[in-house]
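Participant: model the structure of this input:
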Amino acid sequence: MTTASHPPFPNDVPTHPLLIIDYTLLRARNPQEIDRLWEAATKLGFWYLKNHGAEMEAEGMFKLGAETMALPLEEKLKYDQGSDGNSAGYKAAGSNAVDASGEKDTVEFMNIAKDDALAWPDCAHRRYPAPVERCMPTIVQPFVKKSLEVNQVILDIFNEKLELPQGLLLQQHLTEEHSGCEARIIKNPAMPHNVHKRALGAHTDFGSLSFLHNRLGGLQVLVPGSDYWQYIRPIPNHAICNVGDALSIFSGGILRSNMHRVVPPPGAQSAYERWSIVFFTRPGNNRTLRAFIESSPIIASAVSNKPQQSLETNSTAGKWFSRRIKYQKVINRQGPETWMSSRGTEADPAAA
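Facilitator: Numbers count the residues shown, from 1 in each chain. Predicted structure coming up:
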C-alpha cells in the first residue's frame, strides 16, 4: 500500500481541478483563505486540504485497514453492519447497489462509530474485529479526534460566513451526542484495465463534512451543469474534503452537497487495490434536518429564491442516515424504487 509502489495518476483522463486550502491559515482565521474555502464549498462542495496535521493518524489507519481486511471473510462477517440501517461494522463487497438496476458494488469497508471509538474500552453501539479493538486507543481514537478537530474548525468558519448565531452549527455536532460520525476503512480490489465496474454508485454524502485520505484515483465528481464525470486527482498528503447533505440543508442549499462516485483507478493504477480512509462528521442523531431560515437572513434569502427546492426534510439526522443506508442494501431491494428511497439531496437522482 505504499505510495512509491503505485504508478502515477495518468495525464490523459478528464480531471476537475480543486482549490487547495491551507488548514493552518484556516485555523489562523486568514480572511483570504476563508474566502477561498467558501468559494470551494459553495460552487462544487469539494476541495483539497493541506497542512491538516492528520498524516500520521491516517497512515496508522491504512495499516490497521490492511490487517483488518486480511482477516477471513467469515471472521469479518461476525461484525456485519446488518440490513436495518445500522452503519457501524463490516460491509462486504456486493452487499450494496450502485444504481436503480440493482447492480452490486465492489468495495468492502469497515465503519467504526465515533461513539464507540471515544467510549472505548466501554461500548456505545457494538464491538469490532480484534485488530480494531486492539488499536482503538492508539490508532482509531487519535484519528477520530484529529478529524473532529479539523471538521469543527471548518464548521465554525461556515457558521460565521452564514451569519448564524455563534456556535449554532457546532451545537448540531456535539462530540458527546450519539451521531452517525464514523471512520471508514475502504478496500476496492484491483480491476483489469478493461473492467469499469463502479465501486460506489453516484451519491451525495449523508452528513455534514467528509475528510478523505486516498493514494489512488477513482473518485469522480459530476460538476454542476455538466453531463460527464471527471476524476479528482489524488495529491500526496492532501486530504479531499466535501460538504454533505446535512450541511447543505442547514445552509438552505448555499453549501453544496455534490454528486460523486467511485470507479476503478484510471490507467495502470487499475491493477492495484484502492484503499481509502475517510471520516464523516454528521449531526447528532436527534437533530432535525431543516434550513436555519429563522437564524440567518442569508439562509432565508437563499431559500426564498429557490421555492422549488424542499429543505424541510421532516427527518432527524439519525433517520436520514439510517434510511439512506438501509435502502442501498441489495437484500432490501424490491425494485428501482428501493434505490430511489436511498437518495439524498442529489440534483439528478437518475445519474449513474
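Participant: pLDDT below threshold where in the stretch 251-352 of the chain?
Facilitator: Along the stretch 251-352 of the chain, the model assigns pLDDT under 70 to residues 307-311, 347-352.
Participant: and the helices in it?
Facilitator: Taking DSSP state H, counting those that start in this stretch as the test, the helices found in the stretch 251-352 of the chain are 297-304, 317-326, 336-341.
Participant: who's in contact with the second one?
Facilitator: Which is helix 317-326. Identification of contacts with helix 317-326 by C-beta atoms under 8 Å, 6 or more residues apart in numbering yields 81, 83-87, 172, 179-180, 206-207, 245-246, 282-289, 313, 315, 332, 341-344. In short, each C-beta sits where N, CA and C put it, glycine included.
Participant: so which of those residues belong to strands?
Facilitator: In strands, defined here by DSSP state E, the members of those are Thr288, Leu289, Thr313, Ser315.
Participant: reformat those residues as CSV; add neighbour count.
Facilitator: Shown next, in CSV, are the ones in strands among the contacts of helix 317-326 (neighbours: other C-beta atoms under 10 Å):
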residue, neighbour count
Thr288, 16
Leu289, 24
Thr313, 18
Ser315, 15
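Participant: and which of the residues you listed is nearest to Trp275?
Facilitator: Nearest to Trp275, judged by C-beta to C-beta, of the ones in strands among the contacts of helix 317-326 is Leu289 at 31.3 Å.
Participant: roughly how far apart are the closest one and Trp320?
Facilitator: 6 Å (C-beta to C-beta, to the nearest Å).
Participant: how far is stretch 92-104 from where the chain is centred?
Facilitator: Distance, stretch centre to chain centre, for stretch 92-104: 18 Å (C-alpha atoms, centre = their mean, to the nearest Å).
Participant: that stretch: which residues count as buried?
Facilitator: Ala93, Ser95, Asn96, Ala97, Val98, Asp99, Ala100, Glu103 (16 or more other C-beta atoms under 10 Å).
Participant: mind picking the two most distant members of those residues?
Facilitator: Among these, Ala93 and Ala100 lie farthest apart (C-beta to C-beta), at 19.8 Å.
Participant: quick one, helices of the chain?
Facilitator: Taking DSSP state H as the test, the helices found in the chain are 23-27, 31-43, 55-69, 73-76, 114-119, 130-135, 141-161, 168-171, 245-250, 297-304, 317-326, 336-341.
Participant: worst-scoring helix or strand of the protein, pLDDT-wise?
Facilitator: strand 312-316 (a mean of 86; mean pLDDT, DSSP states H and E).
Participant: pull up the pairing partners for that one, direction included.
Facilitator: strand 288-290 (antiparallel) (DSSP bridges).
Participant: which residues touch the strand it pairs with?
Facilitator: Applying C-beta under 8 Å, 6+ apart, the contact partners of strand 288-290 are Asp245, Ala246, Ile249, Phe250, Pro283, Leu311, Glu312, Thr313, Ser315, Thr316, Ala317, Trp320.
Participant: okay, the helices of the stretch 251-352 of the chain in a markdown table with mean neighbour count and distance to Asp35 next?
Facilitator: Formatted as a markdown table, the helices of the stretch 251-352 of the chain follow (neighbours: other C-beta atoms under 10 Å; distance: least, C-beta to C-beta, whole Å):
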| stretch | mean neighbour count | distance to Asp35 |
| --- | --- | --- |
| helix 297-304 | 16 | 15 |
| helix 317-326 | 21 | 29 |
| helix 336-341 | 15 | 37 |
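Participant: turn these into JSON lines, including distance to Val153.
Facilitator: Below are those laid out as JSON lines (distance: least, C-beta to C-beta, whole Å):
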{"stretch": "helix 297-304", "distance to Val153": "21"}
{"stretch": "helix 317-326", "distance to Val153": "21"}
{"stretch": "helix 336-341", "distance to Val153": "35"}
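Participant: nearest to Pro234, out of these?
Facilitator: Nearest of the helices of the stretch 251-352 of the chain (C-beta to C-beta): helix 317-326, 25.8 Å.
Participant: fine, thanks again, bye for now.
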